[in-house]
Each structure stands twice: as structure tokens, then as C-alpha cells.
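Asker: Here is a sequence together with a model predicted from it:
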Amino acid sequence: MKLRRHMRILELIRERPVSTQDQLTQILRSEGIEVTQATISRDIRELRLLKVPGEDGHYRYSLPDDPSGNSRVERLRRHLHDLLVGVDFSENLIVLRTLPGTANAVAVGIDRLGWPEVLGSLAGDDTVLLVVRTRELTQEIASRIRDFGY
């Protein structure tokens with residue numbers, strides 16, 4: 001249960017700004033995960049979450065290695081703009097074509113974002129294969145990648 005709760009907390013702070021322990025508690029409870037304020041406080045400490053200023057000026061929880069909350073996104077945006085040459089998909093697979101020798105950098109950038117819809121990536125020299133959780137989400141993820149600067 002603790003591992004499941006920790007994974008969900010990490011997903012939540014990646015998906016949207018979460019500003020308070022109370023807000024996090026309410027979200028988890030609405031999803032059927034029974035928690036107390038003390039449990040959330042302990043989870044935040046164990047996950048080493050930090051409060052950082054968001055774009056709107058309000059503070060939100062973030063991972064310690066991502067103090068800006070957007071550095072990974074900006075890095076991926078630059079990689080995709082500079083290195084990506086094509087995006088195609090079928091069923092629950094997305095194929096990204098990159099400049100020779102750069103596929104690994106693109107795959108690592110996507111992996112580090114921790115998108116819950118992406119199960120994983122496999123990189124060659126100039127091709128990245130993304131495995132998406134469901135067929136229905138594939139087009140959305142491909143569009144998200146295209147919107148990043150391709």
C-alpha cells in the first residue's frame with residue numbers, strides 16, 4: 001500500500017500543482033486511498049519532496065532533483081526541437097526518428113519526465129520506440145511530443 005501511495009503521490013505532483021498536504025490528502029482520499037495528515041507528512045519527508053514556486057507564484061510540491069519544476073520539460077523541448085526529425089505511431093507504439101546518434105538523449109529525456117502514460121522507451125542510434133499504456137492514449141502522446149517543438 002505504501003509503495004502504491006508513493007507512486008500515486010509522484011504521479012500527482014507531476015500531473016498538476018499540489019500546494020498543501022491537505023490538498024494531497026483530499027485527492028488521495030477521493031481516489032479511495034485512505035490516508036491521514038501524519039501519513040502524508042511522513043510520505044513527503046520520505047520522498048524528499050520540496051516546495052517550489054510555480055509559474056503562478058504559488059508554491060507547489062516538486063522532486064528534489066527538479067527544483068524549477070520545469071527544467072526537465074525545457075530540456076526535452078530543446079532536445080526534440082534540435083534532434084527530432086519524425087514522429088509516427090501505430091496501436092500503442094510511437095516511433096520517433098532522430099538525428100544519427102541522438103536517440104538515447106531523446107529517450108532519456110522522455111523517461112525522466114515520468115509520464116504515467118508511457119510504459120517505457122527503447123533507443124537505437126536514430127530511432128526511439130515508446131510503448132504507451134493504452135492504444136487510446138497513443139495519439140495524445142504523439143501530439144504532445146509534436147507540440148514540444150518538432
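Answerer: All right, it came through fine. Numbering: from 1, shown residues only.
Asker: which residue ranges form the helices in the protein?
Answerer: Here the chain has its helices, by DSSP state H, at 2-15, 21-30, 37-47, 71-83, 103-113, 135-147.
Asker: Adding distance to R97, mean neighbour count and mean pLDDT, write those out as CSV.
Answerer: Using the backbone N, CA and C atoms, a C-beta is placed for each residue, glycine as well. Shown next, in CSV, are the helices of the chain (distance: least, Cβ to Cβ, whole Å; neighbours: other Cβ atoms under 10 Å; pLDDT from 0 to 100):
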stretch, distance to R97, mean neighbour count, mean pLDDT
helix 2-15, 27, 15, 90
helix 21-30, 38, 15, 95
helix 37-47, 36, 14, 91
helix 71-83, 10, 16, 77
helix 103-113, 8, 19, 88
helix 135-147, 12, 15, 92
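Asker: what's the domain layout of the protein?
Answerer: Following automatic domain parsing, one gets these domains for the chain: 2-62, 71-147.
Asker: Out of the helices of the chain, which gets nearest to G120?
Answerer: helix 103-113 (7.3 Å; Cβ to Cβ).
Asker: got the contact list for V73?
Answerer: L113 (Cβ atoms under 8 Å, 6 or more residues apart in numbering).
Asker: and the gap between it and R112?
Answerer: Separation of V73 from R112 (Cβ to Cβ, to the nearest Å): 10 Å.
Asker: wait, what's in contact with the residue of the chain most remote from its centre?
Answerer: Relative to the mean C-alpha coordinate of the chain, counting by Cα atoms, centre = their mean, the farthest residue is A38 (26.4 Å). Neighbour list for A38: empty [criterion: Cβ under 8 Å, 6+ apart].
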